[in-house]
Structure formats: C-alpha cells, structure tokens
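S.K.: Predicted model follows, preceded by the sequence.
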Amino acid sequence: MIYRNADIENYPFPFPRDQYRYSTNLEPTGRRNASAAGGWGDRRVDIDRRYRSELDERARILAADPSRSQCLPHMVPACWDAMLTLMRELAADYPATMRLDRISPDDNTFRWRNDLLGIDDTFTFGDPATLPTAPLDYICGQIQEDVVLLDQRAGQLWGDAGVVTFAANWSFGFDIGMSFLQIHGPVPRVHSEKVITRAHEFLMRLEPGQSFRRTNWSLTVDGKLDTATETYREWGRDRRTLAEGPLDEVGDRLFLRTEVQHLIRLPHSGAVMFLIRTYLLPFAAIATVDAWADRLYRVLEDLPHDMTEYKGLERTRGPALRWLATFGGVTP
Amino acid sequence: MTTAGPNELPLRVTGLRTLCEGIREVTLGLAGDGVLPSFAPGSHLAVGWADGERNSYSLTGPMVEPRHYSISVRHDRAGRGGSAWVHSLRVGDDVVASRPRSAFAPVADARHHVLVAGGIGVTPIVSHVRAAVMWQRSFEVVYVHRPGADAHAEDLRALARDRLTILRSGPELLAHMKARLFDVPLGAHLYVCGPEGLIEAVTSAALDAGWHRQRLHAEPFASAAAAGGAPFAARLGRSGALVPVGAETSLLEALLARGIAVPNLCRQGVCGECKLTVRGGGIDHRDTYLTDDERAAGDAMMPCVSRAVGDRVELEL
Ligand code: FES
C-alpha cells in the first residue's frame, strides 16, 4: 500500500493519553478533532481516495461469503431507513457527486444519483422490486463503512441486521441476532468496570436525529481490511511471519488500525445504526509523526495482558515495540 | 411566542381542519423549504405554547421525510391552556416544536399487532396503522369512541378496511377484547392508547387472559413533556459564587456559560467526564455513570443531567 500525506493528515489517531483502558469514550458527532498531524471527524460518512478499492474489496468478500450481509425479517424497515438516512447524509456532504431527489411529495418515490459510481436509480421507499438489491446491500456498495443495525425492544438492543466485511477479529455471521450485551460478553474488564452496560443504557436513550461517535483500535498485519474470525486461516499466520521475520520489515507490514464508530438513531424504524469505518496506517507512516510514535509506544508497553490477548496482539506487540525503539525514533 | 431551542423545529401552521366537535387537526410545515425529519409510529411533538410550557401531541400523518406534520388536538377545557392555545391558532402562525420523539413504538419482531384506541387516544394508533400497512405487518385495530367524536375514523377505515372494529362504549370494548385476547396468535403485542381507565381495563383483561407484561404497551393520551426541572443554584466552594440554574438548562450548561471549564463529552450522563465533587445539598441523580454506592455517598454528581433536590448544591469548584 502506498501512503500519501493525506492519509496521515486525516488519520484518526485514537490515543488521547499514554495509557489505554476501555471507556465509553462517546462524544457528539460533527466536530473536527485536531490531531498532531491534522485532524479528522468532519463527516459521519467519509469518502476518501480508497473509495473504489475498498468497495471492490467489499464486493469480493460478499461474493465469497454472503453471510457477511444479513437482515432478519423484522429489520426490513430499518434497512430502508438506514439506506435513506445514508443517502441524505451523502447528498448533504458531497453535493458535487451525490444527489437525492423526491420525485413527488405525495408518494415515496426518489431518484438517487452517485456520480462517483455512475449510478442513477429511481426507487420507491419500502418497495424491494424497485432496487437492484436489498436496500442495505445497495447502500453498502456505495460507502466504505461497515453497518450494523440494532433493534431496540424488551429493554435491550439486538444486532439484527448489517453488512460487515471489514470486521476486526469478530464474526458478524456469528453475532447476528444476539443482544448487545451478549455480543460484548467476551471483552475483558468491561464487566467490573461497567463500560458496556453504561454504553448500552446510553444507546437506548439516544433520540432520533442524535448521533455520537467513538474510536476503537487494534493492530493488523499487511493492511488487510478483512480480519474476520471466518478468515483467520488467511490472516492468522501473517502475525507469525511478522514476528519471525526481519525487524526492519515491521514498519511497512504492521498497521495501526483505528475504527471510527458512529452511532445514529434512525428516525423511522427507531433502530440504532452503527457505522464502523476502518482506517489503516503502517508503523512507518506513524513514525513520521513523533508524538504519535511515542504515544503508541507508551500505550503498547503499558497494555495489560488480558487486553493484549483480547485484541489479538500477543505476537505483534513485541515486534511493534522493538521496531518503534529501533527505527521509529522512540526512546523507551 | 416561544423561541426555538437548539434541537427544536421552527414550524408554521399550513392547514386547519375540524375533525369533529371539539377536535381540531393542525398541519405544520417548515417555515422555509425542505423536508421534515422522518419519525417512528407512535411519535409525538412537544409543542411550545407558552414560555417553558410544552404539550405533547401524537403525529398522525405520513412518516417518511414528510412535507408536513399533522396533530389532532381535543380542546380540553380543564387543561392548563395548551389545547386552548392550539385551538386559537391561525394559518400562517409560527409554532416551535421538538423533533419527533417516540415512547410508544411498535415492536419490530411482533407476530401480530393488536391496536386499541379510546377517544382522542386514536392519534398514535393512526400512525401505527399507517406503518403496519406500509410494512405489511399483521395487525387489527379497535377504536372506541362516543357518537360523533369519531376523529380519524375515516383514515382508519381507508387504511385498515376489514381489520378495523369500531365500538361505542367501554363495556362493548371489554366484551370484544375479552374474546379476542384468547384468540390472537402467540407472539402478538397489544398497544392501548386512551384514558387511564380504559388502559387499566384492557391491560388487566390481557393479564387475566395470560398475556405477558412485556407484550403490553400503553400510552396515556394526556402526556405533557416537561424538560429540565425546578430551578436551583450551585454555590462554588472556592469562590463562594452562586450560579443559578434555570428550569430548562442543565447545571453543566450553566457552569460553562459562567466560563467555568468543566470537562464533558456525552452530556447524557454516561461518559463520566463531567463528574464534580459535591460538598453539600441533596442530589437528584439522573445519570447512568455513578454506581449505587457513589450515589449513596452523595459527594459526587454528573452536572450534564443531574440536578439539585432542594434549591441549592455546594460544589468543590
Ligand atoms: S458529560 Fe458525560 S457524563 Fe456528563
């Protein structure tokens, strides 16, 4: 992967301090967060220069494994709701290339244009016969974000629909239909620290039109976006080859992976839409920003064993620290 | 005239219609161009009718990016004045309202929806029926009203056709429900909106028929949404300054407006950033951050959502 300045300037560096612990870390959306290299966060749906290549990658993954896209029958309205919401968002943020028009105010027929992909379609909201594919697949073929839709009922949230092709060490096909609390069951420490139950309470109180965001992070080898549990055989060994390989290659092979997650209450279905956008930056690029290299080093060094294990960093943490100390300009 | 808050919509009356004796339908559009936010079945608007006064009215019209919102309001002569104010509106008047909120939404995975409306309680049921038709949900609707007080009966007939039952009295309704409650498929949910007595009667009939509480949903129609709470003041321990907190603002907002830098993120009582140390005064904890023990200790509060119990708290600031 070739890196440009824009990738660094816009990278959502996820560490506000030298120590990382789980926290709810939710903040309102729509304001730019400054970083040591630039900033990020102006938009909830972010199109960058990897638009086409990431959409191609998503299409390839979906073709190989259709279980990455799922919608339980009762979530059909939520999928339409998500699609329309995302179209409005794109049209508002990218008016030069994206446009949504209502054909007539009295019925639910819309015209959608996406000039980046040469799409010009007319559809009737709620009528599946008017779209080439299911609504969530349709819009996920036009955004770089993964999407999970949570239904709220019986005092809980349920992950009942979504298109997830860039999962970091989890499986959407496995989690579908589970409650929010079940999905997060394996995360260490969160029970004693109540992080997940608090986030759950918070999400259930989100009002229509409200949105919040948070970041999450891990490390990935060779810039692979798809590190879902299902494809572990393909990417799992990369960690070993990295750990056993020459140290000087780590800078180009090991990536800091940041997920920017947006949480949006959908207006018509009442579902909570999770947008998960994955950004990857190799250690070599991180090291061009002194403050980031240093911070990343401190965070990794301090990370307790259970969290290292949960994030799947047992093999990569050592090489990461050694590379940052040897080639990254960090003084341990 | 009330002014719009940051999350409120500036609307204008675009149509008025008398649906039946004492019930008026008001159509509200945006003052400018554009579409209004979509909303969920069972949603309401909190309409501002005097300074700090809001009344909630269910939305009855189309739900997906509509050009207009519609509410139907019964003139309540015993009320505090909100419905009288609505009945005095003229086309072209400006109205400030909250964005739509839902406290009475359909359960998406229900196998069947039994919708029961009593009197003006029909308003949220109209949007439930509209959505049920649009999304091809299985449903039936029962509407009980006094002769002549038949707001939205036409709408329901057009939408629900033979799935609508109209009844004329409480006893008739109960007799009908008692039979139906034993008949409808397992996995059905029941929604009731109307006077409290009607809700009580239908709900207990359902419980008697073996329905689980989780399948029963009710909304009393006379809900007036009140934001904030009673005004109070915060005394700052270090400077001794007194910061007043109005009924509609949070303690956090009041402190920030005074130039006191309190870190904050979510402003919803969940992230924990804004925690303040309290030296004295009772606290009305509304957050989900503090543990029960911390609350019991009474020496910390989350000013983004929590308020004083009395008229004063003392803060370590
Ligand atoms: S700002 Fe998050 S708890 Fe108050």
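M.R.: Okay, I see it. Only a predicted model underlies this, so the values are computations on that prediction, with no experimental measurement involved.

S.K.: Show me what from chain B comes close to the ligand.
M.R.: Within chain B, the positions lying close to the ligand (Cβ under 6 Å from any ligand atom) are B:264-267, B:269-274, B:287, B:289, B:302, B:304. C-beta coordinates here come from the backbone N, C-alpha and C atoms, glycine included.

S.K.: Least confident of these?
M.R.: Ranked by pLDDT, the residues of chain B next to the ligand bottom out at residue B:266 (66).

S.K.: Return the residues in contact with residue B:174.
M.R.: B:201, B:202, B:205 (Cβ atoms under 8 Å, 6 or more residues apart in numbering or on different chains).

S.K.: quick one: which of the residues you listed sit in helices?
M.R.: Among the contacts of residue B:174, DSSP state H puts B:201, B:202, B:205 in helices.

S.K.: what's the longest helix anywhere in chain A packed up against?
M.R.: Within chain A, and with DSSP H defining each element, the longest helix by residue count is helix A:76-93. Packing partners of helix A:76-93 (3 or more Cβ pairs under 8 Å, 6 or more residues apart in numbering or on different chains; DSSP states H and E): strand A:98-102, strand A:109-114, helix A:135-140, strand A:146-153, strand A:156-163.

S.K.: Adding distance to residue B:107, mean pLDDT and mean neighbour count, write those out as JSON lines.
M.R.: Below are the helices and strands packed on helix A:76-93 laid out as JSON lines (distance: least, Cβ to Cβ, whole Å; pLDDT from 0 to 100; neighbours: other Cβ atoms under 10 Å in any protein chain shown):
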{"stretch": "strand A:98-102", "distance to residue B:107": "29", "mean pLDDT": "96", "mean neighbour count": "17"}
{"stretch": "strand A:109-114", "distance to residue B:107": "28", "mean pLDDT": "97", "mean neighbour count": "18"}
{"stretch": "helix A:135-140", "distance to residue B:107": "21", "mean pLDDT": "98", "mean neighbour count": "24"}
{"stretch": "strand A:146-153", "distance to residue B:107": "5", "mean pLDDT": "96", "mean neighbour count": "23"}
{"stretch": "strand A:156-163", "distance to residue B:107": "11", "mean pLDDT": "95", "mean neighbour count": "23"}
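
S.K.: quick revisit: got the residues of chain B next to the ligand as TSV, with neighbour count columns?
M.R.: Formatted as TSV, those follow (neighbours: other Cβ atoms under 10 Å in any protein chain shown):
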residue	neighbour count
B:264	22
B:265	19
B:266	24
B:267	20
B:269	25
B:270	24
B:271	26
B:272	20
B:273	19
B:274	25
B:287	26
B:289	27
B:302	28
B:304	24
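
S.K.: on that earlier part again, quick one: which of the ones in helices among the contacts of residue B:174 is most hemmed in?
M.R.: Neighbour tally across the ones in helices among the contacts of residue B:174 (other Cβ atoms under 10 Å in any protein chain shown): the maximum, 27 neighbours, falls on residue B:202.

S.K.: Report the contact partners of that one.
M.R.: If a contact means Cβ under 8 Å, 6+ apart, then residue B:202 has B:116, B:173, B:174, B:177, B:190, B:192 as its contacts.

S.K.: ok, now residue B:108?
M.R.: A:74, A:75, A:77, A:78, A:151, A:153, A:269, A:271.

S.K.: repeat that with 6 Å
M.R.: Applying Cβ atoms under 6 Å, 6 or more residues apart in numbering or on different chains, we find residue B:108 in contact with A:74, A:151.

S.K.: For it, give me the backbone phi and psi.
M.R.: Backbone torsions of residue B:108, given as degrees, to the nearest 10, read phi -60, psi -40.

S.K.: quick one: buried residues of stretch A:224-236?
M.R.: Buried positions in stretch A:224-236, judged by neighbour count with 16 or more other Cβ atoms under 10 Å in any protein chain shown: A:224, A:225, A:226, A:227, A:228, A:230, A:231, A:235.

S.K.: same question, stretch B:200-218
M.R.: In terms of neighbour count (16+ other Cβ under 10 Å), stretch B:200-218 has its buried residues at B:201, B:202, B:203, B:205, B:206, B:209, B:211, B:215, B:216, B:217, B:218.

S.K.: And stretch B:181-191, by the same measure?
M.R.: For stretch B:181-191, by 16+ other Cβ under 10 Å, it's B:181, B:184, B:188, B:189, B:190, B:191.

S.K.: near chain B, which residues of chain A show up?
M.R.: A:24, A:26-27, A:74, A:77, A:105, A:108, A:125-126, A:151, A:153-154, A:198, A:201-202, A:209, A:267-268, A:270 (Cβ under 6 Å from any Cβ of the partner chain).

S.K.: Among these, which ones are in helices?
M.R.: Secondary structure assignment by DSSP H places A:77, A:198, A:201, A:202 of the residues of chain A next to chain B in helices.

S.K.: closest point of the stretch 51-200 of chain A to the ligand, which residue?
M.R.: Nearest to the ligand in the stretch 51-200 of chain A, going by Cβ to the nearest ligand atom, is residue A:198, at a distance of 9.4 Å.
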